[in-house]
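>>> compute the structure for the input listed below.
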Amino acid sequence: SGINRQIFNTPIDLFIEDFLYKKFPELRPYQFISLNNLIREGSKAVTDKKIVELSPKEILSKSKIYNLISALQFRDLCGVDLIPEFKANNSELKTAQKLYNEFAELKDKRQPGEEYDLVQKWADVLKLSDNFELVSETEYRNRTDTGIMLDSISKDPFELKNEDPEKIKETEKFLKSQKSMGTNMAVIMYMTEALRYFENMEKISIRDIAFEIALLGAHGLHPDRKYKLNSISGKEFSGYQILAYYYVSWKLAIPEKLAELKLPYDNEYELAEKLFKNDAR
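Residues are numbered from 1 along each chain as shown. Next up is the predicted model:
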């Protein structure tokens with residue numbers, strides 16, 4: 001439902017938009033247009049007369065609070081105040097400001113995964129916790145056989161997964177080592193997979209995935225760790241796999257910025273593209 005999407009997306013999107021605003025100033029005009037449209041649509045969704053008449057008041061109020069949080073960030077980033085358009089009462093405004101302040105305090109010192117703490121905390125405040133359950137990766141794998149299947153498919157050809165987790169190299173060192181390693185067949189395989197996944201997807205959806213991986217990569221991507229994306233639910237990525245999706249998503253959605261990622265996989269992509277085209281015949 002719409003409120004469930006807001007529960008999960010609002011806190012995470014705040015971090016993504018903040019990251020993009022700071023790291024990619026050239027994208028700010030596009031970011032402004034995108035946020036302006038989204039917030040105006042959100043305003044209409046909670047103030048339209050027909051929607052107000054048909055929607056439960058309690059859910060409508062909570063949806064308005066999530067939209068107000070996004071509007072507060074838009075005001076801070078772009079200097080445009082769309083908050084009056086939501087016709088919010090004092091309680092809604094105070095709650096939205098309180099939750100937004102929690103994000104503001106965390107955004108510059110966030111550790112990987114802490115954005116999900118806000119997902120849970122805000123849902124608790126708004127009494128929406130019964131709508132979902134957040135589980136740890138370990139518990140999730142214990143509940144399903146997905147982890148076993150992925151391990152067999154995504155086996156690391158260089159056996160980096162056998163390293164002591166305490167001695168994981170920093171991402172920059174890992175990428176540097178790739179240059180001397182030559183063509184990485186694992187990356188080619190995962191890039192081909194990514195091209196198939198993105199084949200019929202709209203560019204804006206690919207862009208959202210690209211931005212989420214960029215946010216994930218702000219704290220480093222490591223070859224023997226596992227990753228999950230909110231925008232690709234139910235899938236777990238190996239280090240090479242997330243790097244392949246990282247490259248391909250930016251290549252397809254934001255090619256003019258691809259070089260800034262400094263991912264040494266141009267040759268791998270060229271080969272993966274050929275394999276993908278051959279498979280499509």
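>>> per-residue confidence for residue 116?
Model confidence at residue 116, expressed as pLDDT, equals 84.
>>> now do the helix or strand containing residue 8: which elements does it pack against?
Here residue 8 sits within helix 2-23, counting by DSSP states H and E. Under the contact criterion of 3 or more C-beta pairs under 8 Å, 6 or more residues apart in numbering; DSSP states H and E, the helices and strands touching helix 2-23 comprise helix 28-47, helix 57-78, helix 90-106, helix 115-125, helix 203-217. Placement of C-beta: from N, CA and C, glycine included.
>>> distance to residue 228 added to these, as CSV?
Listed next are those as CSV, based on distance: least, C-beta to C-beta, whole Å:
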stretch, distance to residue 228
helix 28-47, 24
helix 57-78, 22
helix 90-106, 20
helix 115-125, 10
helix 203-217, 9
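>>> Serialize those helices to TSV and add fields for mean neighbour count and distance to residue 14.
Output for the helices and strands packed on helix 2-23, formatted as TSV (neighbours: other C-beta atoms under 10 Å; distance: least, C-beta to C-beta, whole Å):
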stretch	mean neighbour count	distance to residue 14
helix 28-47	16	11
helix 57-78	20	6
helix 90-106	16	5
helix 115-125	17	8
helix 203-217	19	11
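>>> pLDDT-wise, which helix or strand of this protein ranks last?
Across the helices and strands of the chain, the lowest-confidence element by mean pLDDT, DSSP states H and E is helix 146-153, at a mean of 42.
>>> and stretch 59-74, how far from the chain's centre?
Between the mean C-alpha point of stretch 59-74 and the mean C-alpha point of its chain there is a distance of 19 Å (C-alpha atoms, centre = their mean, to the nearest Å).
>>> mind checking the pLDDT average for that stretch?
For stretch 59-74, the per-residue pLDDT values average out at 95.
>>> which one in the protein is furthest away from the centre?
No residue in the chain has its C-alpha farther from the mean C-alpha position than residue 53, which lies at 33.6 Å (C-alpha atoms, centre = their mean).
>>> measure that one to residue 3 for me?
Distance of residue 53 to residue 3, computed by C-beta to C-beta, to the nearest Å: 18 Å.
>>> what separates residue 91 from residue 5, distance-wise?
Taking C-beta to C-beta as the criterion, residue 91 is separated from residue 5 by 23 Å.
>>> ok, back up a step: same question for the helix holding residue 8, mean pLDDT?
Averaging pLDDT residue by residue across helix 2-23 gives 88.
>>> next, the angle from that helix to helix 57-78.
10 degrees (axes from the mean of the first three to the mean of the last three C-alpha atoms, to 10 degrees).
>>> output helix 2-23 as CSV, nothing but the C-alphas.
C-alpha atoms of helix 2-23 as CSV (Å, rounded to 0.1, in the frame of the first residue of the first chain):
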residue,chain,number,x,y,z
GLY,A,2,1.0,3.6,-0.3
ILE,A,3,1.6,4.1,3.4
ASN,A,4,3.9,1.0,3.5
ARG,A,5,6.0,2.5,0.7
GLN,A,6,6.3,5.7,2.7
ILE,A,7,7.3,3.8,5.8
PHE,A,8,10.3,2.2,4.0
ASN,A,9,11.2,4.8,1.4
THR,A,10,11.0,8.2,3.3
PRO,A,11,13.9,7.8,5.7
ILE,A,12,16.1,6.1,3.1
ASP,A,13,15.3,8.6,0.4
LEU,A,14,16.4,11.5,2.7
PHE,A,15,19.9,10.0,2.9
ILE,A,16,20.0,9.4,-0.8
GLU,A,17,18.9,13.0,-1.7
ASP,A,18,21.4,14.4,0.8
PHE,A,19,24.2,12.3,-0.6
LEU,A,20,23.4,13.4,-4.2
TYR,A,21,23.1,17.0,-3.3
LYS,A,22,26.5,17.1,-1.6
LYS,A,23,28.5,14.8,-4.0
